[in-house]
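Enquirer: Need coordinates for the following:
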Amino acid sequence: MTPYRIIDCHVHDHLELACIKGYQLLIETSTGEIRATAITLTTKADKSEYLTVKNGAGEQAIRLDHILAITPLTQGAAFSRVVIAPTEKSEED
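Expert: Numbering: from 1, shown residues only. As a prediction, the model looks like this:
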């Protein structure tokens, strides 16, 4: 697997809000789209971060640097479509 690339802090804030509010999201990845409810963010021992979501297929964890964009589908969401661009930080940061 490729090394984890840290995402921008403002994007992380949107993801945290989506989890707190339980937003239904359209998640765009390089392999397709997922419609699911945001559950939680987790950090693994290797510092990689994941968004856990739930839909009819069950729960799944999506590595944050594999997400291209998120769009809340929940009415009255506090943000609209957010494009996720990993930052170019070294592993020493």
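
Enquirer: so where do the helices sit in the chain?
Expert: With DSSP state H as the criterion, the chain has helices at 9-21.

Enquirer: what about the longest strand in it?
Expert: Determined from DSSP state E, the single longest strand within the chain is strand 32-43.

Enquirer: Give the rounded mean pLDDT of that strand.
Expert: The average pLDDT within strand 32-43 is 97.

Enquirer: how about that strand: buried residues?
Expert: 34, 36, 37, 38, 39, 41 (16 or more other CB atoms under 10 Å). To be clear about C-beta, it is placed using only N, CA and C from the backbone, and glycine gets the same treatment.

Enquirer: for this protein, what are the low-confidence residue spans?
Expert: 85-93 (pLDDT under 70).

Enquirer: what ranges do the strands span in it?
Expert: Going by DSSP E, the chain shows strands at 24-29, 32-43, 49-55, 58-63, 67-72, 82-83.

Enquirer: could these go into CSV alongside distance to residue 12?
Expert: Output for those, formatted as CSV (distance: least, CB to CB, whole Å):
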stretch, distance to residue 12
strand 24-29, 15
strand 32-43, 8
strand 49-55, 8
strand 58-63, 13
strand 67-72, 11
strand 82-83, 10
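
Enquirer: and of those, who's closest to residue 8?
Expert: With CB to CB as the measure, strand 82-83 is the member of the strands of the chain nearest residue 8 (9.7 Å).

Enquirer: Check which helices and strands that closest one is in contact with.
Expert: Using 3 or more CB pairs under 8 Å, 6 or more residues apart in numbering; DSSP states H and E, the elements in contact with strand 82-83 are strand 67-72.
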